[in-house]
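**Student:** no sequence for this one, just the structure:
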């Protein structure tokens with residue numbers, strides 16, 4: 001029997017939400033690691049029982065947890081995230097140079113082929129790889145030794161590497177507030193891929209780096225097609241990130257954090273706009289997911305089952321995901337502790353749970 005597993009990382013623990021293919025009744029397991037920030041959880045595409053979680057507190061630091069039974073039980077694996085010996089410095093808010101530091105792991109990206117291979121994106125802006133199920137980690141140093149790295153500056157949430165896309169020997173990483181980067185040799189060397197991005201508030205609006213990218217997704221069957229939610233602007237690339245065009249179209253605001261790509265419909269994408277970079281809540285207090293079936297520019301609001309008054313929550317960059325079933329499901333979590341599910345690609349919504357701690361991430365596993 002097909003099982004759908006929604007993995008929700010929150011400010012105060014991890015939760016595993018489980019249903020069958022109908023996705024109308026859910027069981028809730030958790031909190032796992034109660035009281036700890038779980039920045040991200042993600043399951044392995046190569047093993048439906050393998051799940052990784054990033055566990056962090058200011059008191060006890062960073063730890064990666066691993067489950068081999070779909071999130072029922074966990075074991076701590078790795079907490080040693082060293083930095084390259086001499087990476088130099090990076091730009092700080094006040095224009096001074098600061099040495100690189102380690103604060104937390106923002107994102108975990110398991111290999112699609114090997115459940116023991118997993119990548120991690122850290123703050124400050126480091127990319128790590130483990131080949132033994134998260135026990136030991138090594139930095140892919142080519143990224144932070146890239147020529148533009150001394151000019152990278154943190155965004156409001158820190159200098160976080162929050163997006164990792166794996167396409168064989170080609171990889172993408174996105175960093176706030178540095179931009180998007182591409183490697184064509186399995187992470188050994190990197191180059192910025194930000195042509196076409198424009199960002200107000202930096203000395204050169206068209207600069208090679210310095211753009212606050214919030215999230216990037218690639219279409220599963222068209223690897224050259226990428227979609228980006230930026231700090232203002234929804235963007236699209238059809239040449240593997242070499243150039244970008246804006247596709248914000250008729251959105252009520254083009255500021256937001258997550259973006260999702262439909263697994264079967266090549267031109268269908270989703271965003272959750274919020275009012276502005278200072279007002280992190282939906283316009284007019286109406287929680288709406290916006291869908292484009294044309295790859296951008298033309299958007300429609302999806303509201304059925306979502307609160308349309310007095311709603312002032314936010315949806316973080318890793319807090320929206322889709323399953324791969326024939327009638328694709330879409331899921332997102334909010335800072336108000338709600339996790340919403342749609343079993344019909346966004347046409348209608350229902351809450352799975354309402355009163356979790358603030359949701360930091362949502363990912364989905366489908367178990368045949």
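**Tutor:** Structure's in. What do you need? All of these numbers come straight from a predicted model, not from anything done at the bench.

**Student:** From here on, just use CA atoms for contacts and neighbour counts.
**Tutor:** Fine.

**Student:** Contacts only, for residue 48.
**Tutor:** Taking Cα atoms under 8 Å, 6 or more residues apart in numbering, we find residue 48 in contact with 70, 365, 366, 367.

**Student:** what does residue 176 give?
**Tutor:** Counting by Cα under 8 Å, 6+ apart, residue 176 has contacts 153-155, 157-162, 211-214.

**Student:** any idea where the strands of the stretch 201-350 of the chain begin and end?
**Tutor:** Under the criterion DSSP state E, counting those that start in this stretch, the stretch 201-350 of the chain contains strands at 213-219, 222-230, 234-237, 245-246, 256-261, 269-273, 289-292, 300-302, 320-322, 330-333, 339-342, 350-353.

**Student:** For the longest one, which outside residues touch it?
**Tutor:** Counting by Cα under 8 Å, 6+ apart, strand 222-230 makes contact with 167, 212-219, 234-241, 255-259, 261, 266, 271, all of which sit outside it.

**Student:** So among these, which ones count as buried?
**Tutor:** When the contacts of strand 222-230 are checked for burial by 16 or more other Cα atoms under 10 Å, the buried set is 167, 212-219, 234-237, 240-241, 255-259, 261, 266, 271.

**Student:** quick one on the thing from earlier: JSON lines for the strands of the stretch 201-350 of the chain, including distance to residue 192 and mean pLDDT?
**Tutor:** Listed next are the strands of the stretch 201-350 of the chain as JSON lines, based on distance: least, Cα to Cα, whole Å; pLDDT from 0 to 100:
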{"stretch": "strand 213-219", "distance to residue 192": "12", "mean pLDDT": "96"}
{"stretch": "strand 222-230", "distance to residue 192": "15", "mean pLDDT": "97"}
{"stretch": "strand 234-237", "distance to residue 192": "14", "mean pLDDT": "98"}
{"stretch": "strand 245-246", "distance to residue 192": "16", "mean pLDDT": "98"}
{"stretch": "strand 256-261", "distance to residue 192": "21", "mean pLDDT": "98"}
{"stretch": "strand 269-273", "distance to residue 192": "24", "mean pLDDT": "98"}
{"stretch": "strand 289-292", "distance to residue 192": "27", "mean pLDDT": "98"}
{"stretch": "strand 300-302", "distance to residue 192": "32", "mean pLDDT": "98"}
{"stretch": "strand 320-322", "distance to residue 192": "26", "mean pLDDT": "98"}
{"stretch": "strand 330-333", "distance to residue 192": "30", "mean pLDDT": "98"}
{"stretch": "strand 339-342", "distance to residue 192": "35", "mean pLDDT": "98"}
{"stretch": "strand 350-353", "distance to residue 192": "39", "mean pLDDT": "96"}
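
**Student:** okay if I get the ones you listed as JSON lines plus distance to residue 197?
**Tutor:** Shown next, in JSON lines, are these (distance: least, Cα to Cα, whole Å):
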{"stretch": "strand 213-219", "distance to residue 197": "9"}
{"stretch": "strand 222-230", "distance to residue 197": "9"}
{"stretch": "strand 234-237", "distance to residue 197": "8"}
{"stretch": "strand 245-246", "distance to residue 197": "8"}
{"stretch": "strand 256-261", "distance to residue 197": "16"}
{"stretch": "strand 269-273", "distance to residue 197": "18"}
{"stretch": "strand 289-292", "distance to residue 197": "20"}
{"stretch": "strand 300-302", "distance to residue 197": "24"}
{"stretch": "strand 320-322", "distance to residue 197": "23"}
{"stretch": "strand 330-333", "distance to residue 197": "27"}
{"stretch": "strand 339-342", "distance to residue 197": "32"}
{"stretch": "strand 350-353", "distance to residue 197": "36"}
